[in-house]
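**Q** After the sequence you'll find the predicted model.
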Amino acid sequence: MSRRTDPAAPTGSVDPNDPNDPNDPNDLTSSDAAPPWFDAHPSTAGHGQPADTACSVLSDADGTSAYGTAAPARFFVLIEQGGPWGPQAARQSRLDPTLGAELESRCTRAGGRFMLIRRPGGHPADHLPRHALVAFAGGHPRDAWLLSGMVANPNQLLALDWEALTLGDSARVGASLPGAEPAEPALLVCTNGRRDVCCAVRGRPIAAAAHREAPTRVWEVSHTGGHRFAPTAVLLPWGQNYARIDEESTRWVLDASLSGNTPAALLGPLHDRGRSGMPPAAQCAEAFVRAHLGETRLDALSASAPLSHADGFHVEVTHADGRHWVVRVERVASGPVRPGSCGKAAIPVIEHQARMVTAP
């Protein structure tokens with residue numbers, strides 16, 4: 001199907017921040033059926049196909065490294081919210097915007113992330129009770145945990161023990177969210193087309209396929225960052241971020257995660273964005289050593305805080321068996337000038353590059 005370069009304008013006014021606007025051409029998330037203007041969006045080549053100028057297509061063609069691009073977060077707080085999502089989903093959905101803004105602010109101040117989730121398929125907006133997920137991904141990966149529960153009202157999340165959450169104390173956090181129980185690993189696939197159209201065009205089919213494989217463990221999520229790497233996903237509780245996933249690789253992730261592993265086929269800079277509980281340079285160093293070793297166990301490696309050097313950052317990566325590596329990480333312009341997101345101005349592509357300094 002050829003790309004449409006002169007889309008017809010939708011009738012009526014369009015407010016890009018109104019999640020209830022039926023004429024919004026960016027609303028690619030409100031139902032299973034494609035919205036009226038989906039095929040005319042300038043970053044698609046028809047329903048389900050990104051245009052050749054879409055940010056993720058350009059990134060694929062360049063082979064841009066994904067190392068060190070996971071959005072940093074020591075913990076995650078997620079609430080199920082159906083209906084469409086705006087670009088700032090916490091404040092632009094059918095969740096009370098004051099509540100969404102407060103939860104987002106509390107998470108951000110404490111070094112975490114607040115996001116909306118929903119099951120692939122139809123999205124009833126106002127059903128209660130709703131699922132809530134709380135995950136800790138900071139510190140050593142062996143200390144990661146995920147709690148799942150039902151809340152009668154999203155306001156219950158305000159009662160979370162925020163101090164305990166920053167410390168990774170699952171017992172205290174669970175006590176502050178009655179009914180919460182330890183949960184199996186969950187895969188979050190970004191599908192928010194109002195944030196970036198690539199996330200909907202490429203992410204929604206992947207989320208739907210993964211949901212068919214593991215209906216209790218897969219969610220659409222409102223934002224992972226890194227649109228140019230769509231389809232993107234986050235694996236909880238470890239905060240492991242993936243780039244350029246497809247139906248087959250999501251099956252690998254779902255299967256491997258049950259034993260605390262990441263798929264060997266997703267090691268390396270094309271797919272491994274890093275773990276969100278660390279700063280970017282540490283993410284890059286750990287992912288680099290993981291690929292070097294072919295190490296799939298998510299709790300086998302840990303990385304130190306990056307130390308600034310004249311040639312970039314030095315990060316010590318430690319294996320569970322006691323081995324150590326020192327990795328130099330630097331941010332460099334890779335050459336291409338590309339949009340970081342569809343519709344944005346093109347900027348130089350900056351990548352994290354790693355080199356071994358010392359090895360066992």
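**A** All right, it came through fine. Since the model is a prediction, treat every value here as computed from it, not as a measurement. Residues are numbered from 1 along each chain as shown.
**Q** drop to CA atoms for contacts and neighbour counts, all remaining ones
**A** Noted.
**Q** For the residue nearest to Thr232 when sequence neighbours are not counted, give me its contacts.
**A** Spatially, and ignoring its direct neighbours in sequence, Thr232 is nearest to Ala243 (4.8 Å; CA to CA, 6 or more residues apart in numbering). Residues in contact with Ala243 (CA atoms under 8 Å, 6 or more residues apart in numbering) are Ala66, Phe229, Ala230, Pro231, Thr232, Ala233, Leu270, His271, Asp272, Arg273.
**Q** The same query, at a cut-off of 6 Å, please.
**A** Phe229, Thr232, His271 (CA atoms under 6 Å, 6 or more residues apart in numbering).
**Q** Equivalent analysis for Val349, please.
**A** Residues near Val349 by CA under 6 Å, 6+ apart: Ala333, Ser334, Pro336, Val337.
**Q** rerun that using 10 Å as the cut-off
**A** 59, 62, 64-65, 332-340 (CA atoms under 10 Å, 6 or more residues apart in numbering).
**Q** That one sits in which helix or strand?
**A** Applying DSSP states H and E as the criterion places Val349 in strand 346-358.
**Q** What of Ala287?
**A** helix 280-293.
**Q** What is the burial count for the closest residue to Leu165 other than its chain neighbours?
**A** Once flanking residues are discounted, Leu165 sits nearest to Val173: 6.1 Å by CA to CA, 6+ apart. Using other CA atoms under 10 Å, Val173 is surrounded by 23 other residues.
**Q** Could you do Val189 as well?
**A** For Val189, using other CA under 10 Å, the count is 33.
**Q** beta partners for it?
**A** Partner residues in beta bridges with Val189, using DSSP bridges, are Glu220, Ala233.
**Q** Quickly note the distance from the nearest residue to Trp252 once chain neighbours are set aside to Asp169.
**A** Excluding its sequence neighbours, the residue lying closest to Trp252 (CA to CA, 6+ apart) is Pro263, at 5.9 Å. For Pro263, the distance to Asp169 equals 28 Å [CA to CA, to the nearest Å].
**Q** In terms of neighbours, single out the busier of these two.
**A** Between Pro263 and Asp169, counted using other CA under 10 Å, Pro263 has the larger neighbour count: 20 against 16.
**Q** hang on, the more buried one packs against Thr296?
**A** Yes: with contact defined as CA atoms under 10 Å, Pro263 reaches Thr296; the gap is 6.3 Å.
**Q** what about the closest residue to Arg323 other than its chain neighbours, how many residues close to it?
**A** In this structure, Arg323 finds its nearest non-sequential neighbour in Pro360, 6.2 Å apart by CA to CA, 6+ apart. Neighbourhood size, Pro360 [other CA under 10 Å]: 7.
**Q** For the contacts of Ala243, which single residue is the most surrounded?
**A** Phe229 (30 neighbours).
**Q** do you know how far that one is from Ala66?
**A** In this view, Phe229 and Ala66 are 7 Å apart by CA to CA.
**Q** Overlap of the contact sets of those two?
**A** Common contacts of Phe229 and Ala66, defined by CA under 10 Å, 6+ apart, comprise Ser59, Tyr242, Ala243, Arg244, Leu270, His271, Arg273.
**Q** if I pick Thr166, what's in contact with it?
**A** Residues near Thr166 by CA under 10 Å, 6+ apart: Arg74, Phe75, Cys107, Ala110, Gly111, Gly112, Phe136, Ala137, Gly138, Val173.
**Q** that older thread, let me know the secondary structure of the residue nearest to Leu165.
**A** Classification of Val173 by DSSP: H, G, I helix; E, B strand; the rest coil places it in helix.
**Q** so who does it touch?
**A** 134-135, 147, 159-167, 180.
**Q** coming back round to it: and which of the contacts of Thr166 is nearest Ala354?
**A** Using CA to CA, Gly138 comes nearest to Ala354 of the contacts of Thr166, at 22.1 Å.
**Q** you'd agree that closest one is up against Ala73?
**A** Yes: counting by CA under 10 Å, Ala73 is a contact partner of Gly138 at 7.4 Å.
**Q** joint contacts of these two?
**A** Gly111, Gly112, Gly239, Arg275, Ser276, Gly277, Met278.
**Q** List buried residues within the contacts of Val349.
**A** Ser59, Thr64, Ser65, Arg338, Pro339, Gly340 (16 or more other CA atoms under 10 Å).
**Q** Can you pick out the most distant pair from those?
**A** Longest distance between any two of those is 15.1 Å, between Ser65 and Pro339; criterion CA to CA.
**Q** anything in contact with each of Pro263 and Thr296?
**A** Ala256, Ser257.
**Q** The longest strand anywhere in the chain pairs with which strands, and in what direction?
**A** Identified as the longest strand of the chain according to DSSP state E is strand 324-339. Applying DSSP bridges, strand 324-339 is found paired with strand 312-319 (antiparallel), strand 346-358 (antiparallel).
**Q** Need those strands in a markdown table (columns: mean pLDDT).
**A** A markdown table is the format used below for these (pLDDT from 0 to 100):
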| stretch | mean pLDDT |
| --- | --- |
| strand 312-319 | 97 |
| strand 346-358 | 93 |
